[in-house]
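*Asks:* Show me the folded form of this:
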Amino acid sequence: MAIIKAPPRQPKTVTVHVRVEESVKSQLEKYAEFIDSSPSYVITEALKLLFKRDDDFKNWMNQQPNNGDHERTERGALAKTA
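*Replies:* Presented below is the predicted three-dimensional model:
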């Protein structure tokens with residue numbers, strides 16, 4: 001067994017272009033600085049939290065046919081395959 005473990009595998013990422021209000025961008029950058037992270041990380045984690053807590057969304061997603069764009073994970077969340 002190795003003394004030093006390999007780092008966890010990073011999930012595959014994609015680029016998304018969005019438009020937000022200037023005040024939202026400013027707060028996003030400040031929040032990322034506050035937690036010593038990147039805006040991308042803040043957005044990703046905020047969306048994961050939203051998807052996890054929104055029961056209506058989860059119910060709606062469970063009613064959607066699996067069209068090959070997503071795969072179900074063991075926790076019931078959806079992960080985009082690209």
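*Asks:* CA atoms for contacts and neighbours, from now on please.
*Replies:* OK.
*Asks:* so where is the protein shaky, pLDDT-wise?
*Replies:* Within the chain, the stretches with pLDDT under 70 are 67-82.
*Asks:* how about the strands in it?
*Replies:* With DSSP state E, the ranges of strands along the chain come out as 70-72, 78-80.
*Asks:* Mind naming the longest helix for this protein?
*Replies:* helix 39-53 (DSSP state H).
*Asks:* For that one, which residues meet the burial criterion?
*Replies:* 39, 42 (16 or more other C-alpha atoms under 10 Å).
*Asks:* Also stretch 14-31?
*Replies:* Buried residues in stretch 14-31, counted by 16+ other C-alpha under 10 Å: 28-29.
*Asks:* so who does Ser38 touch?
*Replies:* 29, 32 (C-alpha atoms under 8 Å, 6 or more residues apart in numbering).
*Asks:* and stretch 18-30, C-alpha only, in PDB?
*Replies:* Presented in PDB, the C-alpha positions along stretch 18-30 are these (Å, rounded to 0.1, in the frame of the first residue of the first chain):
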ATOM      1  CA  VAL A  18     -23.700  33.000 -18.800                       C
ATOM      2  CA  ARG A  19     -24.700  36.600 -18.300                       C
ATOM      3  CA  VAL A  20     -25.400  37.900 -14.800                       C
ATOM      4  CA  GLU A  21     -26.100  41.300 -13.300                       C
ATOM      5  CA  GLU A  22     -23.000  43.300 -12.400                       C
ATOM      6  CA  SER A  23     -23.800  43.100  -8.700                       C
ATOM      7  CA  VAL A  24     -24.100  39.300  -8.900                       C
ATOM      8  CA  LYS A  25     -20.700  39.100 -10.600                       C
ATOM      9  CA  SER A  26     -19.200  41.300  -7.900                       C
ATOM     10  CA  GLN A  27     -20.600  39.300  -5.100                       C
ATOM     11  CA  LEU A  28     -19.500  36.100  -6.800                       C
ATOM     12  CA  GLU A  29     -15.900  37.300  -7.000                       C
ATOM     13  CA  LYS A  30     -16.000  38.500  -3.400                       C
END
